[in-house]
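Colleague: Next one to model:
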Amino acid sequence: MADEAEKTEEPTGKKIEDAKQEGNVPKSAEVPGAAILFFSSIYLLFFAGSFFKDIEKTILYIYSFIGTDMDGRVYFEITTTVISTILVGMFPLFFLILFLGVIFNTMQFGFVFTPLKIKLEKINPISGFKNIFSAKKAIEALKLTAKLILIFIVMLIILVIVWDSILSMMSQDIRTALNSMMTLTLYFLLTILLIIIIFAVIDFFFTRHYYFKQLKMSKQEIKDEHKQMEGDPLVKGRIRQIQMKMSKQRMMADVPDADVVITNPTNYAVALKYDKEKSEAPIVLAKGINFLALKIKDIALESKIPIVEDPVLARALYDQVEVEQEIPESLYKAIAEIFTFVYNLNNK
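Modeller: Predicted structure coming up:
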């Protein structure tokens with residue numbers, strides 16, 4: 001019992017799909033963040049030249065008011081110029097960030113639509129307090145702390161290396177100082193980007209490992225799921241019995257429409273009907289052995305349907321032809337002789 005309760009088996013496809021429908025997916029928050037920062041950096045490096053020029057012009061525009069009298073109109077003009085420049089220049093970047101967020105989240109676990117469900121236990125303060133101190137939350141906090149410490153240390157090292165360059169900018173003109181500042185900023189961004197990408201790769205594989213470990217199943221759970229999908233054997237057997245009973249009832253109801261019944265004479269009985277407008281050959285309306293064969297014969301007698309004894313043909317029809325199917329070509333000759341006999345008998 002202990003072995004079966006232990007969750008040692010990999011999750012089945014149904015278990016994973018059920019978890020996905022509930023919104024439980026292997027989502028790494030680091031991956032979209034790293035992708036957004038990476039592609040945003042590429043955009044800023046290669047496609048945002050005009051935006052940087054606008055920023056430079058705006059800064060020079062602001063510096064041009066140094067030493068002049070400022071009033072409300074000037075403040076308003078400076079504010080509107082700065083805001084409009086930033087909004088126009090950053091709009092493509094905002095759209096890119098939104099697009100990347102959707103794409104890289106979808107790439108991790110596919111598109112999932114989960115209807116909104118309000119669960120009171122989710123707002124339970126005790127449960128919330130337990131979630132804060134769960135093992136998963138602790139690991140997330142450790143990862144974030146490690147990432148921030150590493151970024152801080154690397155930034156401090158870079159700052160020490162470029163400190164002389166920062167001091168030299170004090171004696172440069174505004175345009176040159178701005179270009180130097182942009183270059184230093186680029187170095188800082190690339191360093192941060194590299195660290196974030198490394199953490200994103202680690203977090204991606206860790207998240208998937210933790211996710212599938214969380215969904216692991218016991219052997220009993222797999223058996224129960226299989227039973228649920230396939231159906232309980234007892235229930236399936238009962239359904240099969242009901243279906244067979246209904247099928248037999250429909251079959252017996254069709255016997256009065258038969259043209260002839262071929263028997264063994266007691267063990268087998270097969271009822272045939274031929275309608276040249278509906279089929280190319282006679283079809284089997286009903287068939288049975290032992291008790292069922294006797295029932296077919298009784299109905300045939302009540303309905304005054306000719307009964308022909310032919311043991312070999314009766315056995316061949318029972319073995320080779322299913323109900324509501326046409327007889328095979330190999331039996332055409334033998335059946336034709338019987339139908340000729342039946343038609344002659346009816347004419348007489």
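Colleague: give me phi/psi at the closest residue to Ala271 other than its chain neighbours?
Modeller: If you skip the residues right next to it in sequence, Ala271 has Ala258 as its closest partner in space, 3.8 Å away by CB to CB, 6 or more residues apart in numbering. For glycine as for every other residue, the C-beta is placed from the backbone atoms N, C-alpha and C. Backbone geometry at Ala258, expressed as degrees, to the nearest 10, gives phi -70, psi 160.
Colleague: I'd say Ala258 and Val270 touch.
Modeller: No. Contact status for Ala258 versus Val270: not in contact, 9.2 Å apart, counting by CB atoms under 8 Å.
Colleague: the more surrounded of the two?
Modeller: For the pair Ala258 and Val270, the greater number of neighbours falls to Val270 (27 against 24), based on other CB atoms under 10 Å.
Colleague: which residues does the more buried one contact?
Modeller: If you count contacts by CB atoms under 8 Å, 6 or more residues apart in numbering, Val270 has them with Val261, Ile262, Thr263, Val284, Ala286, Lys287, Ile296, Ala314, Leu317, Tyr318, Val321.
Colleague: which SS state does Lys7 fall under?
Modeller: The local conformation at Lys7, judged by DSSP: H, G, I helix; E, B strand; the rest coil, is coil.
Colleague: other SSEs contacting the helix or strand hosting Met90?
Modeller: Assessed by DSSP states H and E, Met90 sits inside helix 72-109. Taking 3 or more CB pairs under 8 Å, 6 or more residues apart in numbering; DSSP states H and E as the contact definition, the neighbouring helices and strands of helix 72-109 are helix 30-46, helix 49-63.
Colleague: Tell me the buried residues in the shortest one?
Modeller: Of the residues in helix 49-63, those with enough neighbours to count as buried (16 or more other CB atoms under 10 Å) are Phe51, Asp54, Ile55, Thr58.
Colleague: how about the helices of the chain, start to end?
Modeller: Defined through DSSP state H, the helices belonging to the chain, from first to last, are 2-5, 13-21, 30-46, 49-63, 72-109, 125-132, 135-161, 163-168, 174-214, 219-230, 233-254, 291-302, 311-320, 332-347.
Colleague: quick one: which of those helices is nearest Lys276?
Modeller: Judged by CB to CB, the one of these that comes nearest to Lys276 is helix 332-347, at 11.0 Å.
Colleague: Give me the residues contacting the closest one.
Modeller: Contact with helix 332-347 is made by Asp259, Val260, Ile262, Leu272, Tyr274, Ala281, Pro282, Pro306, Val308, Asp310, Leu313, Ile327, as judged by CB under 8 Å, 6+ apart.
Colleague: so where is the stretch 101-250 of the chain shaky, pLDDT-wise?
Modeller: 105, 107-137, 170, 174-175, 178, 228-237, 239, 243, 247 (pLDDT under 70).
Colleague: Kindly recompute the last result at 50.
Modeller: Residues of the stretch 101-250 of the chain meeting the criterion pLDDT under 50: 114, 116, 118, 129.
Colleague: picking that back up, where do the contact lists of Ala258 and Val270 overlap?
Modeller: Going by CB under 8 Å, 6+ apart, residues that sit against Ala258 and also against Val270 are Ala286.
Colleague: coming back round to it: among the contacts of Val270, which one sits closest to Trp163?
Modeller: Sorting those by how near they are to Trp163, with CB to CB, puts Val321 at the top with 95.9 Å.
Colleague: and that closest one, how far is that from Phe188?
Modeller: 84 Å (CB to CB, to the nearest Å).
Colleague: Look at these two and report which has more neighbours.
Modeller: Using other CB under 10 Å as the criterion, Val321 and Phe188 rank with Val321 on top: 19 against 15.
Colleague: Identify the bridge partners of the closest residue to the more buried one other than its chain neighbours.
Modeller: In this structure, Val321 finds its nearest non-sequential neighbour in Val284, 4.8 Å apart by CB to CB, 6+ apart. Val284 has the following beta-bridge partners by DSSP bridges: Leu272.
Colleague: my read: Val284 touches Glu322, true?
Modeller: Yes. At 7.0 Å, Val284 counts as touching Glu322 under the criterion of CB under 8 Å.
Colleague: re the thing from before, what would the contacts of helix 332-347 look like in JSON lines with distance to Leu193 and pLDDT?
Modeller: JSON lines is the format used below for those (distance: CB to CB, whole Å; pLDDT from 0 to 100):
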{"residue": "Asp259", "distance to Leu193": "85", "pLDDT": "84"}
{"residue": "Val260", "distance to Leu193": "87", "pLDDT": "88"}
{"residue": "Ile262", "distance to Leu193": "85", "pLDDT": "88"}
{"residue": "Leu272", "distance to Leu193": "82", "pLDDT": "88"}
{"residue": "Tyr274", "distance to Leu193": "82", "pLDDT": "84"}
{"residue": "Ala281", "distance to Leu193": "77", "pLDDT": "86"}
{"residue": "Pro282", "distance to Leu193": "80", "pLDDT": "88"}
{"residue": "Pro306", "distance to Leu193": "92", "pLDDT": "88"}
{"residue": "Val308", "distance to Leu193": "90", "pLDDT": "86"}
{"residue": "Asp310", "distance to Leu193": "88", "pLDDT": "86"}
{"residue": "Leu313", "distance to Leu193": "85", "pLDDT": "87"}
{"residue": "Ile327", "distance to Leu193": "77", "pLDDT": "86"}
